[in-house]
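A.B. asks: sharing a model that was predicted from the sequence below.
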Amino acid sequence: MTTTQQPPYPPTGPPHGHDHGHGSGGDQGPGSGSGDDHGSHGDGGHGSGAGGGHGHSHSHGPAAPVSRHLRKVIAAILIPFTVAVVVGMVVLWPGGAPSHKRTGVGFDRQTQQATVTKVVSVSCASVNASGGSATSDTSTAEGSSAQQEAGGTCKKATVTVSTGKDKGRTFTEIVQPDQSRQLHQGEKVVVAYEPSAPRDLQYSVTDVNRKFPMALLAGIFALAVVVVGRLRGVMALVALAISFMILNFFILPAILHGSNPLIVAVVGSSAIMLIALYMCHGLSARTSVAVLGTLMSLVLIGVLGSVFIGWAALTGNTDDNTGLIHGLYPSIDMSGLLLAGVIIGSLGVLDDVTVTQTSAVWELHEANPSMGWRGLYRAGIRIGRDHIASVVNTLVLAYAGAALPLLLLFSIAQSSVGAVANSELVAEEIVRTLVGSIGLVASVPVTTALAALVVSADRPGREAVPAGAGASAGATGAGAAAGGSATSSTATPAPGAKPGAARGGKGRRRKH
């Protein structure tokens with residue numbers, strides 16, 4: 001049946017109700033733009049807009065195809081969570097690290113900057129008070145070292161302090177030939193200061209000043225991120241700086257003040273997650289799904305870590321540094337500190353996995369809008385399987401690389417695999433690695449399922465596009481190309497017509 005009235009303009013546009021709304025109404029959702037309402041006026045009204053007969057689509061980038069209802073559901077979950085994180089930070093805010101009397105042990109020493117101004121070679125026998133010990137048993141490591149020190153050539157370095165109240169003061173440092181770090185003239189060094197020691201022994205070289213090469217490397221890293229990532233790279237660097245600020249000014253001082261390390265880690269890592277993800281990827285439904293997937297995975301990691309750290313009786317006090325922390329602040333729960341480290345350490349990799357999976361599902365939906373959530377999930381999980389294999393391998397190798405000297409010691413001692421794994425020092429790393437890896441593996445199906453459900457929950461045009469408004473442009477254009485009048489089914493679709501037809505038109509991606 002043909003139409004009963006011909007339009008007063010060439011039949012290249014839709015008769016009567018013009019489609020001036022953004023053709024991909026489902027992409028932007030209701031409330032995201034006013035153009036979606038324009039196509040609902042039917043006859044009359046906005047005649048100037050219809051005069052050109054153009055059912056066009058203003059595509060302004062990859063807007064999230066999520067309805068107002070779903071955005072409200074996501075907001076109902078994330079807004080209270082964000083408020084809880086802010087309140088937690090306010091309540092737990094430490095106001096700076098607590099002061100203590102320095103012990104002079106390990107990192108708990110006063111340090112200053114200095115420069116090696118002169119280095120001369122001297123006989124070790126003339127500078128070592130124990131030079132006569134060269135006759136000791138050379139079959140042992142100690143005897144061999146003593147023999148080398150007595151008969152070898154040592155270095156006598158003159159070091160000038162360049163910072164602090166003793167700026168300009170000089171002292172000498174004897175460098176044995178078997179020391180791993182040899183001093184050179186003009187080298188910048190870090191010296192430890194012990195005020196209670198005799199004056200000629202108050203200063204000693206403890207390390208090399210490597211601030212310049214590290215700062216240069218950091219600058220190269222920042223430049224590479226900005227050149228490749230452009231604005232997104234700049235935002236990533238800003239988010240990284242904020243993450244370090246939260247770590248240094250909230251998480252660490254709050255733990256030192258005696259707050260529960262697990263609660264502090266959860267609040268601090270949640271703040272880092274929210275800031276980093278939304279700052280780097282924008283305030284959108286896509287990012288919100290990644291946040292939800294990350295949050296659910298962190299909960300799983302926290303539960304598993306708490307169970308297995310307690311079950312394996314891991315104290316978290318396994319080396320000199322943790323022993324010093326426990327000695328200075330006995331109130332700190334060291335096992336809780338271990339669990340906090342597991343959560344914070346897993347957060348960075350979790351962000352990568354959840355964002356990647358969410359973006360993959362969104363792009364799959366853009367490529368094939370007719371795909372349902374099951375199809376999206378199956379396609380997304382295939383991508384996730386490759387991601388799982390690479391991420392788990394990365395995490396395990398990262399922890400193994402950090403513990404390489406320890407593993408080498410066990411290899412030298414020819415210890416069995418069971419004995420090595422049973423030692424607390426190695427068991428900590430095993431639990432840390434496995435708990436984090438389980439959370440990463442679980443984040444793939446969880447995030448993929450969330451993204452598939454959200455992105456396929458609405459069909460574009462269900463809420464914003466009235467009957468026929470989205471389909472009229474494409475159908476009328478086809479009728480005009482055939483040289484005939486538009487049929488009634490083309491000009492005015494039946495009220496029961498499925499709005500999904502609008503998604504198949506190419507006007508959805510066309511820009512003006």
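C.D. replies: Structure's in. What do you need?

A.B. asks: how many residues are close by Ala367?
C.D. replies: 9 (other Cβ atoms under 10 Å). The way it works is simple: take the backbone N, C-alpha and C, and place the C-beta from them, glycine included.

A.B. asks: sorry, slip of the keys, the one I care about is Thr82.
C.D. replies: 16.

A.B. asks: residues in contact with the nearest residue to it once chain neighbours are set aside?
C.D. replies: Once flanking residues are discounted, Thr82 sits nearest to Leu274: 6.1 Å by Cβ to Cβ, 6 or more residues apart in numbering. Applying Cβ atoms under 8 Å, 6 or more residues apart in numbering, we find Leu274 in contact with Thr82, Val85, Val291.

A.B. asks: for Tyr203, same thing?
C.D. replies: Tyr203 makes contact with Gln112, Ala114, Val159, Val161, Asp166, Arg169, Phe171, Val191, Ala192, Tyr193 under the criterion Cβ under 8 Å, 6+ apart.

A.B. asks: try it again with 10 Å
C.D. replies: Shown in contact with Tyr203 (Cβ atoms under 10 Å, 6 or more residues apart in numbering): 111-112, 114, 159, 161, 164, 166, 169-173, 191-194, 197.

A.B. asks: quick check: Thr448 touching Ala360?
C.D. replies: Yes: taking contacts as Cβ atoms under 10 Å, Thr448 lies within contact range of Ala360: 7.9 Å.

A.B. asks: which of those two has more neighbours?
C.D. replies: Using other Cβ under 10 Å as the criterion, Thr448 and Ala360 rank with Thr448 on top: 27 against 21.

A.B. asks: and the pLDDT for that one?
C.D. replies: Thr448 is assigned 92 on the pLDDT scale.

A.B. asks: how about the helix or strand hosting His326: buried residues?
C.D. replies: For His326, the element it lies in under DSSP states H and E is helix 320-328. By neighbour count on 16 or more other Cβ atoms under 10 Å, the buried set for helix 320-328 is Thr322, Leu324, Ile325, His326, Leu328.

A.B. asks: so which of the contacts of Leu274 sit within helices?
C.D. replies: Applying DSSP state H to the contacts of Leu274, the entries found in helices are Thr82, Val85, Val291.

A.B. asks: for the first one, give its distance to Gly88.
C.D. replies: Using Cβ to Cβ, to the nearest Å, one gets 11 Å for the distance from Thr82 to Gly88.

A.B. asks: give me the common contacts of the two.
C.D. replies: Joint contacts of Thr82 and Gly88 (Cβ under 10 Å, 6+ apart) are Ser270, Ala271.

A.B. asks: low pLDDT regions in the stretch 101-250 of the chain?
C.D. replies: 101-108, 128-151 (pLDDT under 70).

A.B. asks: how about 90 then?
C.D. replies: Scanning the stretch 101-250 of the chain for pLDDT under 90 picks out 101-112, 118-157, 163-166, 168, 171-187, 192-209, 229-230, 232, 248.

A.B. asks: quick one, strands of it?
C.D. replies: Ranges of strands within the stretch 101-250 of the chain are 110-123, 153-161, 170-175, 188-193, 203-208, based on DSSP state E, counting those that start in this stretch.

A.B. asks: looking at those, which is closest to Ile246?
C.D. replies: With Cβ to Cβ, the closest approach to Ile246 among these belongs to strand 110-123: 25.8 Å.

A.B. asks: show me what that closest one pairs with in its sheet, parallel or antiparallel.
C.D. replies: According to DSSP bridges, strand 110-123 has the following sheet partners: strand 153-161 (antiparallel), strand 188-193 (antiparallel).

A.B. asks: got the angle for it vs strand 203-208?
C.D. replies: 100 degrees (axes from the mean of the first three to the mean of the last three Cα atoms, to 10 degrees).

A.B. asks: residues of strand 110-123 that come out buried?
C.D. replies: Gln112, Ala114, Thr115, Val116, Val119.

A.B. asks: got the angle between it and strand 170-175?
C.D. replies: Using the same axes, to 10 degrees: strand 110-123 against strand 170-175 is 60 degrees.
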